[in-house]
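S.K.: make a model of this:
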Amino acid sequence: GCGKTTQIPQFLLEDCASRGEICRLAATQPRRISAVSVADRVAVERGGQLGDTVGFKIRFEDKVTESCQVVFCTVGILLKVMQ
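M.R.: As a prediction, the model looks like this:
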């Protein structure tokens, strides 16, 4: 692919930061393993670790902190949070 999954959330985050806006993004993934692996990849690309500015939330496990600005999750988790 061309990096849509990993790059678009970072582009949005950087755009908000350039305008001085506070931003928290949720990006869904179809499977739990992809939510974890994409979150790990984006965290490394941003020069940090999971739980710094990038985290994930899946059934029975999460690595989300107050400082997380991008959270990768499954669709089921997003629906549960929106209820």
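
S.K.: name the residue closest to the centre of the protein, please.
M.R.: Of all residues in the chain, the one closest to the mean position by Cα atoms, centre = their mean is Val71, 2.8 Å from it.

S.K.: specify the beta-bridge partners of that one.
M.R.: Legend: beta-bridge partners of Val71 under DSSP bridges are Ala26, Gly55.

S.K.: for this structure, which spans come out with low pLDDT?
M.R.: Regions of the chain meeting the criterion pLDDT under 70 are absent.

S.K.: how about Ile22, secondary structure?
M.R.: Classification of Ile22 by DSSP: H, G, I helix; E, B strand; the rest coil places it in coil.

S.K.: circling back to that earlier point, pretty sure the residue nearest to the centre of the chain contacts Ala27?
M.R.: Yes: counting by Cβ atoms under 8 Å, Val71 touches Ala27, with 7.3 Å between them. The way it works is simple: take the backbone N, C-alpha and C, and place the C-beta from them, glycine included.

S.K.: where do the helices sit along this protein?
M.R.: Counting by DSSP state H, the segments of the chain that form helices are 4-18, 32-45, 75-82.

S.K.: mean neighbour count for those - can I get that in JSON lines?
M.R.: Listed next are these as JSON lines, based on neighbours: other Cβ atoms under 10 Å:
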{"stretch": "helix 4-18", "mean neighbour count": "14"}
{"stretch": "helix 32-45", "mean neighbour count": "18"}
{"stretch": "helix 75-82", "mean neighbour count": "12"}
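
S.K.: make CSV out of the ones you listed and add distance to Glu66.
M.R.: Below are the helices of the chain laid out as CSV (distance: least, Cβ to Cβ, whole Å):
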stretch, distance to Glu66
helix 4-18, 16
helix 32-45, 16
helix 75-82, 16
